[in-house]
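Peer 1: Below is the structure, and that's it, no one-letter string:
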């Protein structure tokens, strides 16, 4: 029996290795896309180019106040080591996702055993939303890893008998809080403390919670991680804290059509849309979860019975808290579901494990049979692998300025100081792929733009084809079209 368990563990571990390997192989298969990926990739590139690691910048002298810098630091560090490319831009998100999986494995192993933990990771790592976002340049993977660290540390600290290990995990709880604030702001603390507070009251665990965690010294650790950067950032660019705290963490979620957003349009959605996002985002495991719920009902297993286990209650609250919190929010996207996914994976494998112990395999639906677990987990990686080398490169070029920049680089090979001027606003991917040689002149006075025609360089102008008739006549008369891509035309000075 022990020998069979070791073989099964090796089998699951090999499968997980292949899942991660597929993700790594696809990291550089397609361009960074506007707006999110290209924006954060370009901010990290600017960080490396300017050497300014305090203030994230969209352009030199144009601060980016919307998000704290942890994920940007990681991307910039990756650029420093591996060079500026799609692979190095996306690699930190993959590493953060692997770390999140390791935390879930540890928690699963603590609750049951190694096989249980590996099965939970198999589910988490192949949830559609999780797997796709694990190769995306954005801040949410750092947030998710930080929240997962705090949640796992909280459970482990309260379960730990050894005082040294309990204190160690207690401090890790606060480290997670500090890193969460550096990932996406105070919102991380809200998402951590909602389930903890409800669970503490519900389960009447006040004394255990108060004595298991080093609240005073731990809080100092969290503040030591999070506060210094905020002070330095406000000092470097006054006004940052007002916009960041009030705008990004209050008005963004409560004010529909929030007009204070300095960096794009709000993601307005109908209230309650987060629940549709979680249903779609957890595919293909949504189907398994639905079949499991039906099977548990047929077996007469009620939610009340499941909630007799205190830690299952905590996992349920962990899963539900982000969804309930964002239910009334207007400005949300699908990746706001991300903090719920580790708990979803653990809850699902708990339910599946219970069914496996109560039923003969032939009586179960195909998707609930234990021997079919690996087949289901293979779906998402294989789908992503195929898409990454077929459709995604084409979509990536359509959703980025790579083609325009390549044309520009081809025609400007004899003039390294020529620049790429965007007349009607510049997508961030243009600056990333042009490595700082792209400039947005849409807000310039025309006389300022006109002066560029009198320098010694033959610059290039990017104009939206639909707006070509509205472009200043001087630009049209003194430039010649050298190529088109999508909605843009590339024109070179005569």
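Peer 2: Alright, I've got the coordinates. Quick caveat, the model's predicted, so the values are computed rather than measured.
Peer 1: all strands for this structure, in order.
Peer 2: Assigned by DSSP state E, the strands in the chain fall at 57-59, 62-63, 420-422, 438-440, 460-464, 479-485, 488-493.
Peer 1: Quick one: closest of these to residue 376.
Peer 2: strand 479-485 (39.9 Å; Cβ to Cβ). Backbone N, C-alpha and C define where each C-beta goes, glycine included.
Peer 1: Hey, what's the angle from the closest one to strand 460-464? Just curious.
Peer 2: With axes from the mean of the first three to the mean of the last three Cα atoms, to 10 degrees applied, the angle from strand 479-485 to strand 460-464 works out at 60 degrees.
Peer 1: what about residue 330, neighbour count?
Peer 2: 19 (other Cβ atoms under 10 Å).
Peer 1: same deal with residue 435?
Peer 2: With other Cβ under 10 Å as criterion, residue 435 counts 13.
Peer 1: I'd guessed it sits against residue 84; true?
Peer 2: Yes - with contact defined as Cβ atoms under 8 Å, residue 435 reaches residue 84; the gap is 7.2 Å.
Peer 1: before we move on, the earlier item: and the strands of the chain: which comes nearest residue 374?
Peer 2: Closest among the strands of the chain, once you apply Cβ to Cβ, is strand 479-485, at 42.6 Å.
Peer 1: tell me which residues of that closest one are tucked away?
Peer 2: Buried residues in strand 479-485, counting neighbours by 16 or more other Cβ atoms under 10 Å, are found at 479, 483, 485.
Peer 1: can you tell me the average pLDDT over that strand?
Peer 2: Across strand 479-485, pLDDT averages out at 89.
Peer 1: Tell me how far it lies from the chain's centre.
Peer 2: Here strand 479-485 is found 36 Å from its chain centre; the criterion is Cα atoms, centre = their mean, to the nearest Å.
Peer 1: Quick check: the gap between residue 293 and residue 352.
Peer 2: Separation of residue 293 from residue 352 (Cβ to Cβ, to the nearest Å) stands at 11 Å.
Peer 1: Looking at these two, which is more packed in?
Peer 2: residue 352 (24 against 12).
Peer 1: My guess is that one contacts residue 368. True?
Peer 2: Yes - using Cβ under 8 Å, residue 352 is in contact with residue 368, at 6.5 Å.
Peer 1: Overlap in contacts, the two.
Peer 2: Residues touching both residue 352 and residue 368 (Cβ atoms under 8 Å, 6 or more residues apart in numbering) are 288, 292.
Peer 1: Break the chain into its domains for me.
Peer 2: Split into domains by automatic domain parsing, the chain comes to 15-391, 401-493.
Peer 1: what about those, which gets the closest to residue 5?
Peer 2: Between residue 5 and the domains of the chain, the tightest spacing by Cβ to Cβ is seen for domain 15-391, at 6.5 Å.
Peer 1: Between the two ends of the closest one, how far is it?
Peer 2: Using Cα to Cα, to the nearest Å, the span of domain 15-391 from its first residue to its last is 25 Å.
Peer 1: for that domain, what is the average pLDDT?
Peer 2: Mean pLDDT, domain 15-391: 90.
Peer 1: Tell me, how many residues neighbour the closest residue in space to residue 74 that isn't next to it in sequence?
Peer 2: Spatially, and ignoring its direct neighbours in sequence, residue 74 is nearest to residue 92 (3.8 Å; Cβ to Cβ, 6 or more residues apart in numbering). The local packing of residue 92 (other Cβ under 10 Å) involves 23 other residues.
Peer 1: How much space separates residue 92 from residue 433?
Peer 2: To residue 433, residue 92 is 19 Å away according to Cβ to Cβ.
Peer 1: sorry, back to before: can you add distance to residue 5 and give the domains of the chain back as TSV?
Peer 2: Listed next are the domains of the chain as TSV, based on distance: least, Cβ to Cβ, whole Å:
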stretch	distance to residue 5
domain 15-391	7
domain 401-493	48
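Peer 1: Can I get the strands of the chain in TSV including distance to residue 107?
Peer 2: Below are the strands of the chain laid out as TSV (distance: least, Cβ to Cβ, whole Å):
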stretch	distance to residue 107
strand 57-59	38
strand 62-63	38
strand 420-422	48
strand 438-440	45
strand 460-464	50
strand 479-485	48
strand 488-493	49
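Peer 1: Quick one: the helices in the stretch 1-150 of the chain, in order.
Peer 2: Along the stretch 1-150 of the chain, the segments classed as helices by DSSP state H, counting those that start in this stretch run 2-25, 36-50, 70-82, 86-111, 114-125, 128-133, 140-159.
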